[in-house]
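> Please find the sequence and the predicted model below.
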Amino acid sequence: MDSQQPLRILIADDTDSDRLILESIVRREGHVPVSVADGRQAVEAFLEQRPDLVLMDALMPVMDGFEAAELIKARAGDELVPIIFLTSLSDTESLVRCLEAGGDDFISKPYNRVILQAKIKAFMRMRDMHRVVQQQRDQISLHNRQLLQEQEVAKKVFDNIAHTGCLDAPNVKYRLSPLAIFNGDVIVAAIRPSGSMMVLLGDFTGHGLPAAVGAMPLANCFYGMVKKGFAMVDILREINQKLKQTLPLGVFCCATMVELNFNSHRARIWNGGLPDCVLYRQRDGSLQPFRSSHLPLGILDDSAFKDDCLHVDMALGDKIYLWSDGIIEARNKSGEMFGEERLLEIFREANDGEAIFHRILDAVDTYCGGERNDDLSLIELTMTEQASVVSPREEPREHRYSGLQEWALSLRLEPSTLRLFDPLPLLLSILVEVPGLSSYSGRLYTLLAELYTNALEHGVLQLDSSLKGTSAGFAEYYRQRQQRLAELAAGHVDIRLRHKLLGNGGELTIIVEDSGPGFDYLQLRPLCPGADQFSGRGLGLIRQLSHAVEYRGNGSEVEVVFQWDAND
């Protein structure tokens, strides 16, 4: 109600003369009086008339003013209905009782007209202000509901992009506890076509929707590139560039990325701005920390971005732990942080590595009393055998009638490209567009990798595979590889692909030819060497994965036929 409009004022007094005086004062101020003689009538009149203010005598027959005031306040609910008690009582206990019964003020008899007018005006200003506050509250509540609905819709879109990937693999444990609907922390994990597992833990600045905006391009980029077999450094650079272009100034992503190679039992780690991650060795319970040595993603331009990674050998059962700063910055009721030392103490006291993950979560939850002030994320990655890890999520092997079907392409890689470019992700991205062939992306990646590596390293660079007979020779082999690539001035690798439909599937022909001198392929052994040998395994693997292999000329050209069936 506008404060300039007449107010409806309820007058409850059992004395006729007092009611007349009050009615006169109310009318003179331009308001409308509603008069009753006892408390029960006051409650009934309030329910019928819904007055803006009540002048209530404390002592009345049938129902006194105290009881009537309590009932009126209860019926008013959230609505502010000021009650001014009219009383001849002057003792402190009686005046306190007026206020405790729901009264907002009191006036002693006999009435002072000027004071009564001032109090009416003051309470009407208070009532108007309360009405504005209620309107603003309702608007805020409406906007909040709309925001929550929008966030729920956006979260469904986000969850479809940033799916769990291979986080349900048996060697992975993780906890992602958002502070809001949207999480400033993000965990993505996937398996490359080569079989290695990539996991990224990111922590965006802030919370809620603004923090999660950057997680969408990050997840989209991560899953798309891992599926196509891109190297870890390429994925990091692409994510960094996307976030740099997308996010506003001051918003970035602290992140740790880990690649587990289950064949070589090695891990590759990049940490940019997150707390230290640690390697827990199951054999003796020792810890190896990996500190952040890079700036977060989304800050530096590509030319300044550093993608160098740490490499570490792992034994079966060894575990890598990653966590966001929500773990070590969790606070107790006194405002003290959980801290890194308490976290490391859990590792040091552990007798069984299998219990560490849950002990950390329980310790943090107990320390902060179940109340958090930040997103909380924790990951445990265990080195295991390849066969025990879930395979990449792939499309059902069903024949689709869209995409590439019968086609051929030819690609020549010259020295400047051979030095810097990995063609495998590009080729694999083409192959997965063939209806049904994407289900075989792991096999195809291995085939292409072996063929291209042999052509480049043994054909163009003429490296001696026998060097890889020992671990020291293996290191020397890759030193020579790096040196010869840097000095490469002549040579090429030709890659030709041809696909045709075949029944309910198809046939892919891969031809790789290099400019090298070739080799005596007639002396090739038909089977792979032992698992403990570092060299000579690729050729046997190619035969196992393909349906036909043929070497031509001096051995510098090889043709591989791969057949697939949608019903397999």
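The structure has been received and is ready for your questions. What you are looking at is a predicted structure, and each value in this text was computed from that prediction instead of being measured.
> So for stretch 340-352, what gets flagged as buried?
Using 16 or more other CB atoms under 10 Å as the test for burial, stretch 340-352 gives 342-343, 346-347. Heads up, the C-betas are built off the backbone N, CA and C, glycines and all.
> Identify the residue nearest residue 384 in space, chain neighbours excluded?
Excluding its sequence neighbours, the residue lying closest to residue 384 (CB to CB, 6 or more residues apart in numbering) is residue 171, at 4.5 Å.
> chain center to the longest helix along the chain, what's the gap?
Criterion DSSP state H: the longest helix present in the chain is helix 113-161. Centroid separation for helix 113-161 versus its chain: 31 Å, with CA atoms, centre = their mean, to the nearest Å.
> Alpha carbons only: can I get the helix or strand just after it in PDB?
The helix or strand immediately downstream of helix 113-161 is strand 172-177, counting by DSSP states H and E. C-alpha atoms of strand 172-177 as PDB (Å, rounded to 0.1, in the frame of the first residue of the first chain):
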ATOM      1  CA  VAL A 172      41.100 -45.600 -10.300                       C
ATOM      2  CA  LYS A 173      39.500 -44.100  -7.200                       C
ATOM      3  CA  TYR A 174      38.200 -40.600  -7.100                       C
ATOM      4  CA  ARG A 175      36.000 -38.200  -5.100                       C
ATOM      5  CA  LEU A 176      34.600 -35.000  -6.500                       C
ATOM      6  CA  SER A 177      32.700 -33.000  -4.000                       C
END
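> For the remainder of this discussion, apply numbering that starts at 46.
With 46 as the first residue, the last one maps to strand 217-222.
> helices and strands around the longest helix of the chain, which ones?
Contact partners of helix 158-206 among helices and strands, from 3 or more CB pairs under 8 Å, 6 or more residues apart in numbering; DSSP states H and E: helix 61-73, strand 98-102, strand 128-132, strand 150-153, helix 253-258, helix 260-272.
> winner for burial among those?
Highest mean neighbour count among those (mean count of other CB atoms under 10 Å): strand 98-102, with a mean of 27.
> residues in contact with stretch 365-373?
Outside stretch 365-373, the residues within contact range by CB atoms under 8 Å, 6 or more residues apart in numbering are 222, 224, 230, 244, 246, 248, 299, 301, 303, 305, 312, 314, 319-320, 322-325, 359, 382-385, 388, 401-402, 405, 409, 417, 419-426.
> Just the terminal-to-terminal distance for that stretch.
By CA to CA, to the nearest Å, the extent of stretch 365-373 from end to end equals 17 Å.
> ok, now stretch 288-306?
Stretch 288-306 has an end-to-end distance of 27 Å (criterion: CA to CA).
> Buried residues in it, which are they?
Neighbour counts over stretch 288-306 (16+ other CB under 10 Å) mark 288-289, 292, 296-306 as buried.
> Counting only helices, which of those make the cut?
Using DSSP H, the buried residues of stretch 288-306 in helices are 288-289.
> and which of the buried residues of stretch 288-306 is nearest to residue 524?
Closest approach to residue 524 among the buried residues of stretch 288-306 (CB to CB): residue 306, at 19.8 Å.
> how far away is the residue nearest to that closest one when sequence neighbours are not counted from residue 597?
Counting by CB to CB, 6+ apart, residue 241 is the residue found nearest to residue 306 once chain neighbours are left out, at 4.7 Å. Using CB to CB, to the nearest Å, residue 241 is found at 32 Å from residue 597.
> Closest to the centroid, which residue in the protein?
In the chain, the centroid-proximal residue (CA atoms, centre = their mean) is residue 231; its distance is 2.6 Å.
> Just give the number of residues close to residue 605.
Counted with other CB atoms under 10 Å, residues neighbouring residue 605 total 21.
> that older thread, was I right to think the residue nearest to the centre of the chain contacts residue 247?
Yes - with contact defined as CB atoms under 8 Å, residue 231 reaches residue 247; the gap is 4.5 Å.
> Give the residues shared as contacts by those two.
When contacts are counted by CB under 8 Å, 6+ apart, residue 231 and residue 247 have 260, 263, 298 as shared neighbours.
> Assign residue 552 to helix, strand or coil.
strand (DSSP: H, G, I helix; E, B strand; the rest coil).
> How about the one 10 residues further on?
For residue 562, the secondary structure call by three-state DSSP comes out as coil.
> contacting residues around it?
Contact analysis of residue 562 by CB under 8 Å, 6+ apart lists 504, 507, 599, 601.
> What pLDDT does the model give it?
The pLDDT attached to residue 562 in the predicted structure is 90.
> how close does it sit to residue 598?
When residue 562 is compared with residue 598 (using CB to CB), they lie 11 Å apart.
> Quick check: closest non-adjacent residue to residue 343.
residue 288 (3.2 Å).
> Report the contact partners of that neighbour.
Going by CB under 8 Å, 6+ apart, residue 288 touches 259, 262-263, 297-298, 342-343.
> This protein - how does it break down into domains?
53-178, 207-433, 452-610 (automatic domain parsing).
> With distance to residue 187 added, can I get those domains in TSV?
Converted to TSV, the domains of the chain look like this (distance: least, CB to CB, whole Å):
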stretch	distance to residue 187
domain 53-178	15
domain 207-433	18
domain 452-610	46
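> will you turn the helices and strands packed on helix 158-206 into CSV that also has mean pLDDT and distance to residue 567?
What follows is the helices and strands packed on helix 158-206, written out as CSV (pLDDT from 0 to 100; distance: least, CB to CB, whole Å):
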stretch, mean pLDDT, distance to residue 567
helix 61-73, 89, 117
strand 98-102, 90, 109
strand 128-132, 86, 108
strand 150-153, 82, 110
helix 253-258, 67, 60
helix 260-272, 87, 38
